[in-house]
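Undergrad: Turn this into a model:
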Amino acid sequence: MKVAVMVSGLAATALGMVVEKRDGTCAHQPAGTGPAMHTYVFPSPAHSRNQPNPAPLPPGHTPLLPQVSPTRPPPSPDTPAAFRASPLFTAAAVSAETPTNFTSVFTTINNSTQQTKYMGSTLLSTYDAAQCASLCQQTTGCAGFNLYFERDPSKDPNSVRCPNPASVTNIKCVVWGVPLTAEGATNSGQRRAGFKVVIAGSNGYNLRHFKPASS
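TA: This is a model prediction of the structure:
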């Protein structure tokens, strides 16, 4: 299912939406410079963002490192609140079918699972519950998985030089070695310098006939 929306920077301003201010070194696209149409069924695993050559670093400072992952453009405006409220992410989570041999634990929340027996995460090119379920079933001891959109920084935030870079959107599949619960979905994000990581469209599923390994 394809869900698309267009909100230009000028339209966002006209609607009274808040656009975060960023240091010029973060290379944030100014409001109103072209449309922002984002369809969250991606034929390509990556989205590139043009960045100007950075200024020389002061002695003792580390460079701004691009975040290497299959990233996608953020909703417009590029704010944590707009990310959490994105109708694109809600539509993807609501329309996701529960995979065979799994049961749905929670749907369309803005938190991710935070509990014991984390077994790893994978970045997906589409919001695909069946693909995430397959990864769980291929992982020995997997009891369930969490699939969600995450707002991540396009560059490694630096409190001195680039505290709040433009964001990118990642789709994460996280597998767990114990069954998920709604009460265990307590991770709402984190601060990285001046950048706020947040979560949206989070769905959790448990393997229907999970048998924990005998101790």
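Undergrad: so where do the helices sit in the protein?
TA: For the chain, the helices defined by DSSP state H occupy 9-14, 80-84, 87-95, 129-137.
Undergrad: rank the ones you listed by pLDDT, which is bottom?
TA: If these are sorted by mean pLDDT, helix 9-14 sits at the bottom with a mean of 33.
Undergrad: Which residue is the nearest non-sequential neighbour of residue 92?
TA: Among residues not flanking residue 92 along the chain, residue 127 sits closest, at 4.3 Å (C-beta to C-beta, 6 or more residues apart in numbering). Using the backbone N, CA and C atoms, a C-beta is placed for each residue, glycine as well.
Undergrad: Distance-wise, check the one you found relative to residue 91.
TA: 10 Å (C-beta to C-beta, to the nearest Å).
Undergrad: between those two, which one's more packed in?
TA: Taking neighbours as other C-beta atoms under 10 Å, residue 127 and residue 91 compare with residue 127 leading, 27 against 19.
Undergrad: isn't that one right up against residue 170?
TA: No: Residue 127 is beyond contact range of residue 170, at 10.9 Å (criterion: C-beta atoms under 8 Å).
Undergrad: Can you check which residues contact both of those two?
TA: Common neighbours of residue 127 and residue 170 (criterion: C-beta atoms under 8 Å, 6 or more residues apart in numbering): residue 149.
Undergrad: Parallel or antiparallel, list what pairs with the lengthiest strand in the chain.
TA: In terms of residue count, the longest strand belonging to the chain (DSSP state E) is strand 195-207. The strands beside strand 195-207 in its sheet (DSSP bridges) come out as strand 102-109 (antiparallel), strand 144-153 (antiparallel), strand 189-192 (antiparallel).
Undergrad: Just the C-alpha atoms of that strand, please, in PDB.
TA: Taking C-alpha atoms only, strand 195-207 is exported to PDB below (Å, rounded to 0.1, in the frame of the first residue of the first chain):
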ATOM      1  CA  PHE A 195      18.800  16.400  18.300                       C
ATOM      2  CA  LYS A 196      15.800  14.400  19.400                       C
ATOM      3  CA  VAL A 197      15.400  10.800  18.300                       C
ATOM      4  CA  VAL A 198      11.700   9.800  18.300                       C
ATOM      5  CA  ILE A 199       9.600   6.900  17.300                       C
ATOM      6  CA  ALA A 200       6.300   6.500  15.400                       C
ATOM      7  CA  GLY A 201       4.200   3.800  13.800                       C
ATOM      8  CA  SER A 202       5.500   1.100  16.200                       C
ATOM      9  CA  ASN A 203       3.900  -2.300  16.000                       C
ATOM     10  CA  GLY A 204       4.800  -5.300  18.200                       C
ATOM     11  CA  TYR A 205       4.200  -9.000  17.500                       C
ATOM     12  CA  ASN A 206       4.800 -12.300  19.300                       C
ATOM     13  CA  LEU A 207       5.500 -15.700  17.900                       C
END
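Undergrad: No further questions, thank you.
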